[in-house]
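Peer 1: Predicted model and sequence follow; I will ask about them next.
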Amino acid sequence: VGLDDREAGCQMADYLFGCGHRELGFLADNDVGVDHERWEGVLLSGRKRGIKETEIRHIIIPQNIQERKMYYEKHLKELAQTADVLFFASDYYAAEAVAYLQDMGLSVPCDISVAGFDDSEAALLCRPRLTTMRQDNSRKGALAVKKLFEYIEGTRGRTLDAKLKAELVVRDSVADRKCI
């Protein structure tokens with residue numbers, strides 16, 4: 001039981017491009033599994049809009065917090081000058097980056113927009129509150145248990161796989177560039 005991460009990445013990118021953003025950075029700590037699928041969704045959205053892949057950057061950030069801090073200190077301000085929106089594969093990384101951007105004197109979303117993924121507590125604690133993709137982990141867990149019992153009892157449906165939809169949650173961290 002998982003999430004349709006490709007569709008969710010596409011949905012967030014559709015929203016960001018629909019707000020007038022054109023130079024998007026997608027940041028994740030790897031390029032496998034769900035993070036890769038989210039990246040593919042971003043590319044799909046860009047292609048639908050005729051946005052060049054060179055305007056959509058895929059950036060792998062370090063997993064280690066100290067290495068990530070050094071990465072942000074070295075690259076984040078430059079990245080904010082070459083992209084108008086940063087879409088992180090997780091709310092934690094997005095909230096962390098917002099703090100670094102603010103420490104560098106940049107305003108979110110006035111200077112650069114930031115979006116996350118998960119709708120975790122970090123999205124609500126961050127200021128400004130993060131625009132994000134919500135996944136219902138309780139529903140995923142309940143469906144996984146249900147499918148497990150169906151499998152054990154021999155009453156399972158055609159497949160054990162299930163992909164749930166994510167929900168776009170619009171908050172304060174993304175500017176509508178069409179209105180500026």
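Peer 2: Here it is on my side, so go on. Small disclaimer: the values here were computed from a predicted structure and weren't measured.
Peer 1: packing partners for the helix or strand hosting Tyr92?
Peer 2: With secondary structure defined by DSSP states H and E, Tyr92 is part of helix 91-103. Counting contacts by 3 or more Cβ pairs under 8 Å, 6 or more residues apart in numbering; DSSP states H and E, helix 91-103 is packed against strand 24-28, helix 65-82, strand 85-88, strand 113-115, helix 121-125. Placement of C-beta: from N, CA and C, glycine included.
Peer 1: let's see it at 7 Å
Peer 2: helix 65-82, strand 85-88, strand 113-115, helix 121-125 (3 or more Cβ pairs under 7 Å, 6 or more residues apart in numbering; DSSP states H and E).
Peer 1: Most tightly packed of the ones you listed?
Peer 2: For those, average neighbour numbers computed from mean count of other Cβ atoms under 10 Å are highest in strand 85-88, which has a mean of 28.
Peer 1: Can you tell me the strand partners of that strand and which way each runs?
Peer 2: Partner strands and pairing direction for strand 85-88 (DSSP bridges) are strand 24-28 (parallel), strand 113-115 (parallel).
Peer 1: Please state the offset of it from the chain centre?
Peer 2: Distance of strand 85-88 from the chain centroid (Cα atoms, centre = their mean, to the nearest Å) equals 7 Å.
Peer 1: For it, output the C-alpha coordinates as CSV.
Peer 2: The C-alpha coordinates for strand 85-88 follow below in CSV (Å, rounded to 0.1, in the frame of the first residue of the first chain):
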residue,chain,number,x,y,z
VAL,A,85,10.5,27.8,-6.4
LEU,A,86,12.0,25.0,-4.5
PHE,A,87,9.9,21.8,-4.1
PHE,A,88,11.3,19.4,-1.5
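Peer 1: Now do the contacts for Lys165.
Peer 2: Lys165 makes contacts with 4, 7, as judged by Cβ atoms under 7 Å, 6 or more residues apart in numbering.
Peer 1: Model confidence score at it, please.
Peer 2: Per-residue confidence (pLDDT) for Lys165: 92.
Peer 1: I'd assumed Met133 was in a helix, is it?
Peer 2: No - applying DSSP: H, G, I helix; E, B strand; the rest coil, one finds Met133 to be strand, outside a helix.
Peer 1: Surely it is in contact with Met12?
Peer 2: Yes - the criterion here is Cβ atoms under 7 Å, and Met133 meets it with Met12 at 5.4 Å.
Peer 1: Give me the common contacts of these two.
Peer 2: Taking Cβ under 7 Å, 6+ apart as the criterion, Met133 and Met12 both touch Leu168.
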